[in-house]
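Asks: Compute the structure for the input listed below.
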Amino acid sequence: MNKRRKKKIYKTTIMFIFLDVIAAICFFIMYGPYDKIRNLYVTTAMKTMNHQYLANIFYSKQTVQKIMDSNYFISFTEDANTDDVIINTKEKEKYKDEYEEELFTRNNGNDLYKIIDLKVGTSKGYLVAIYEPEKVRLISTKQFNIGGKGERITTMCERYGGTVCINGGGFVDFGYGSDIPIGTVIQNGEITWGLEEADTDRDNIIGMTKEGKLKLMSNATANEALNAGITDGMVFGPFLIVNGKPLEIVGDPWGQAPRVAIAQTKDGILLFLVVDGENYINGASLQNMVDILLKYGAYNAANLDGGQSSTLAVNGELYNNPPAAAKRQGGRYVVTGWGLIP
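Replies: Purely as a prediction, here's the structure:
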């Protein structure tokens, strides 16, 4: 046997040994004694729109269902009481803890907003404190359902004249997105999507009042939201905190992922929370989001669309570090968002 053939056999053997080792590691991870890894994989896959099949590659439908049944949250049935929120975002002489002080203390005299860098879960997070909540409104694509793919938040924010913007609700996803919102959309006191179902469809509505108060309504119609004083609103969830009470979470129902949330303190400071991460690898859990928002005094809070859609735009530029596919295109194309519009 010549040296060249021996060398080829050697390389082939090494390659197969390497593949065997990788297979053994994967088998150990997926079927070994560590329930946390298995639960994280299944719950993360099952809460995506287009990748639920990943859970069934390794596990039967019965196993997947058992894991999902042991990881859940109990949704709120009450609405946020906006009367509890008294807007007074001025700096204080005395603070109850370091988190309140960090939230209220301005940066270089900026009375509009402040960005706090932090770690949430396994990834970098960005908490935006907005001191004039009455200037936050819903932003959206120019038109809905005209065969488009939505719009980047950076572009949307700039068109509205916004300084800080995040993505908002979900949309029908054809793989590349779309310009079709999922659920009601309310802008400037008018229903701009879902008018025909304004008295019939009931959803979790996340809204803002003209006074700048975050209003969360469980199982409400669009017209009920308008009657309750919501001038800008959309559908998503779950609600993370309602009237100071955190969402009751058992296990880790949605796994880790890039996430976005909107919240408000009892003093009226509005909060945008955006967490980086790669889909199916890292990011924040729902519990991570609840914990960090409570730490900074959130009284009401709601989860927004995450994953590839997770976007924070500041002064026309992409500020956060979204998943690779979204980052390459400058942020994913989405349908709605929330923006500070001075």
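
Asks: Which helix or strand in this protein has the lowest average pLDDT?
Replies: The helix or strand of the chain with the poorest confidence is helix 3-31; it has a mean of 57 (mean pLDDT, DSSP states H and E).

Asks: Where does residue 290 sit: helix, strand or coil?
Replies: helix (DSSP: H, G, I helix; E, B strand; the rest coil).

Asks: Do I have it right that it meets residue 241?
Replies: Yes: with contact defined as CB atoms under 8 Å, residue 290 reaches residue 241; the gap is 6.5 Å. Every C-beta, even on glycine, is put in place using the N, C-alpha and C of the backbone.

Asks: Which residues are in contact with each of these two?
Replies: 247, 301 (CB atoms under 8 Å, 6 or more residues apart in numbering).

Asks: could you say which helix or strand contains residue 294?
Replies: helix 286-295 (DSSP states H and E).

Asks: Distance from the very next helix or strand once past that helix to the middle of the chain?
Replies: Following helix 286-295 in sequence order, the next helix or strand is strand 298-304 (DSSP H and E). On the basis of CA atoms, centre = their mean, to the nearest Å, strand 298-304 sits 11 Å off its chain's mean C-alpha point.

Asks: Just the mean pLDDT for strand 298-304, thanks.
Replies: Predicted confidence along strand 298-304 averages 98 (mean pLDDT).

Asks: in that strand, what's buried?
Replies: Along strand 298-304, these residues count as buried under the neighbour rule (16 or more other CB atoms under 10 Å): 298, 299, 300, 301, 302, 303, 304.

Asks: Show me what it is in contact with.
Replies: Taking CB under 8 Å, 6+ apart as the rule, strand 298-304 contacts 80, 84-85, 166-169, 204, 206, 214, 216, 236-244, 259-266, 271, 286, 289-290, 293, 338.

Asks: hmm, 6 Å instead?
Replies: 80, 168, 206, 214, 216, 236-241, 244, 260-266, 293 (CB atoms under 6 Å, 6 or more residues apart in numbering).

Asks: can you check stretch 257-270 too?
Replies: By CB under 6 Å, 6+ apart, stretch 257-270 touches 85, 87-89, 129-130, 133, 136, 166, 214, 271, 273-277, 283-284, 289, 293, 297-304, 306-307, 310, 338.

Asks: Which among those count as buried?
Replies: 85, 87, 89, 129-130, 133, 136, 166, 214, 271, 273-277, 283-284, 289, 293, 297-304, 306-307, 310, 338.

Asks: who does the residue nearest the centre of the chain bridge with?
Replies: By CA atoms, centre = their mean, the chain has its centre lying nearest to residue 260, at 2.7 Å. In this structure, residue 260 bridges to residue 274, residue 304 when assessed by DSSP bridges.

Asks: Adding distance to residue 143, write the buried residues of strand 298-304 out as JSON lines.
Replies: As requested, the buried residues of strand 298-304 are exported to JSON lines (distance: CB to CB, whole Å):
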{"residue": "298", "distance to residue 143": "34"}
{"residue": "299", "distance to residue 143": "35"}
{"residue": "300", "distance to residue 143": "31"}
{"residue": "301", "distance to residue 143": "30"}
{"residue": "302", "distance to residue 143": "26"}
{"residue": "303", "distance to residue 143": "27"}
{"residue": "304", "distance to residue 143": "22"}
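
Asks: biggest separation within the residues you listed, which pair?
Replies: Farthest-apart pair in the buried residues of strand 298-304 is 299 and 304; separation 17.3 Å (CB to CB).

Asks: can you pull the pLDDT of the residue nearest to the centre of the chain?
Replies: 98.

Asks: Could you do residue 108 as well?
Replies: 88.

Asks: so it, which of the three states?
Replies: With three-state DSSP as the criterion, residue 108 reads coil.

Asks: ok, it to residue 100 distance?
Replies: As for residue 108, its distance to residue 100 is 20 Å (criterion: CB to CB, to the nearest Å).

Asks: can you check residue 322 too?
Replies: Separation of residue 322 from residue 100 (CB to CB): 29 Å.

Asks: can you check residue 242 too?
Replies: 21 Å.

Asks: Residue 75 too?
Replies: In terms of CB to CB, residue 75 sits 29 Å off from residue 100.

Asks: list the helices and strands the helix or strand containing residue 165 packs on?
Replies: Assigned by DSSP H and E, residue 165 falls within strand 164-167. Applying 3 or more CB pairs under 6 Å, 6 or more residues apart in numbering; DSSP states H and E, we find strand 164-167 packed against helix 153-160, strand 312-314, strand 336-340.

Asks: How far does the first one sit from its chain's centre?
Replies: It refers to helix 153-160. Per CA atoms, centre = their mean, the centroid offset for helix 153-160 relative to its chain is 19 Å.

Asks: Could you list every helix and strand in contact with it?
Replies: For helix 153-160, the packing partners by 3+ CB pairs under 6 Å, 6+ apart are strand 164-167, strand 312-314, strand 336-340.

Asks: list the contacts for residue 150?
Replies: Counting by CB under 6 Å, 6+ apart, residue 150 has contacts 141, 177, 179, 333, 334, 335.

Asks: Mean confidence (pLDDT) on the helix holding residue 294, please.
Replies: 98.

Asks: got the phi/psi numbers for the nearest residue to residue 91 once chain neighbours are set aside?
Replies: Spatial nearest neighbour of residue 91, excluding adjacent residues (CB to CB, 6 or more residues apart in numbering): residue 104 at 5.2 Å. Torsion angles at residue 104 (phi, psi; degrees, to the nearest 10) stand at phi -80, psi -30.
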